[in-house]
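**Q** with the input below, show me the fold.
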Amino acid sequence: MATSTNKTAAFGVKLIHKCALWAGGIIGPYFFKNDEGHNVTVNGDRYRAMITNFFIPELNNHDVQDLWFQQDGATCHTARATIDLLKDTFGDRLISRFGPVNWPPRSCDLTPLDYFLWGYVKSLVYADKPQTLDHLKDNIRRVIADIRPQMLEKVIGNWTSRLDYIRASRGSPIPEIIFKM
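**A** Modelled structure (predicted):
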């Protein structure tokens with residue numbers, strides 16, 4: 001399962017949202033808000049609260065076995081308390097900076113949320129020119145909910161092809177990326 005945080009800007013406000021993706025579905029989006037309901041940036045405490053109060057309960061609602069958890073190297077993701085929480089949850093199946101399996105920095109071509117989901121979602125959420133943040137959030141929720149497992153299976157198939165290439169080339173950059181849908 002790959003996770004990623006994305007920023008969507010509208011009306012002079014940054015909307016921070018998080019999703020997790022695997023071949024069978026998407027968990028999220030999760031919008032980061034403070035106790036008053038205002039949009040906020042992500043910090044370690046907020047990220048850990050999201051993992052504990054949203055992500056893990058949602059994950060438990062799905063039939064996902066032997067899950068590997070992959071995240072980028074954002075500071076809130078790699079704080080010692082965050083890594084400890086994720087190690088307690090996923091053990092050695094954590095791919096992250098400072099995790100049992102180190103994730104290479106600046107490797108967005110190996111993260112399905114970065115090379116697929118956020119571009120796909122953004123290409124559709126602004127189609128009807130949302131006029132409010134609530135409308136934008138509704139569009140994000142709708143677009144993500146409409147992504148079928150068949151599409152996600154292709155995304156994960158493409159991801160494994162990318163990993164195979166990197167393994168075979170001993171870490172060389174991917175010279176040409178073709179995303180087949």
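
**Q** make it CA atoms for all contacts and neighbour counts henceforth
**A** Noted.

**Q** which element is residue 21 on?
**A** strand 13-22 (DSSP states H and E).

**Q** what residues of the helix or strand following that strand count as buried?
**A** Remark: after strand 13-22, the chain's next helix or strand is strand 25-31, criterion DSSP H and E. The neighbour-count check on strand 25-31 (16 or more other CA atoms under 10 Å) flags 25-31 as buried.

**Q** got those residues as CSV, with pLDDT columns?
**A** CSV is the format used below for those (pLDDT from 0 to 100):
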residue, pLDDT
25, 84
26, 88
27, 88
28, 88
29, 91
30, 91
31, 89
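
**Q** which among those gets closest to residue 64?
**A** Residue 64 has its nearest neighbour among the buried residues of strand 25-31 in residue 25, at 10.1 Å by CA to CA.

**Q** check contacts around the closest residue to the closest one other than its chain neighbours.
**A** Leaving aside its chain neighbours, residue 25 sits nearest to residue 149 (5.8 Å; criterion: CA to CA, 6 or more residues apart in numbering). Residues in contact with residue 149 (CA atoms under 8 Å, 6 or more residues apart in numbering) are 23-25.

**Q** closest to residue 101 out of those residues?
**A** So of the contacts of residue 149, ranked by how close each gets to residue 101 (CA to CA), first place is residue 23, at 20.7 Å.

**Q** what's the neighbour count on that closest one?
**A** 16 (other CA atoms under 10 Å).

**Q** ditto for residue 83
**A** Count around residue 83 with other CA under 10 Å applied: 20.

**Q** so it is in contact with residue 98, correct?
**A** Yes. Using CA atoms under 8 Å, residue 83 is in contact with residue 98, at 7.2 Å.

**Q** quick one: low-confidence parts of the protein?
**A** The model of the chain has pLDDT under 70 over residues 1-15, 104-109, 171-181.

**Q** now the helices: where do they sit in it?
**A** For the chain, the helices defined by DSSP state H cover 44-50, 56-60, 75-78, 80-90, 112, 118-125, 133-145, 149-168.

**Q** identify the residues contacting the first one?
**A** Outside helix 44-50, the residues that touch it by CA under 8 Å, 6+ apart are 30, 32, 75-77, 79, 81-82, 85.
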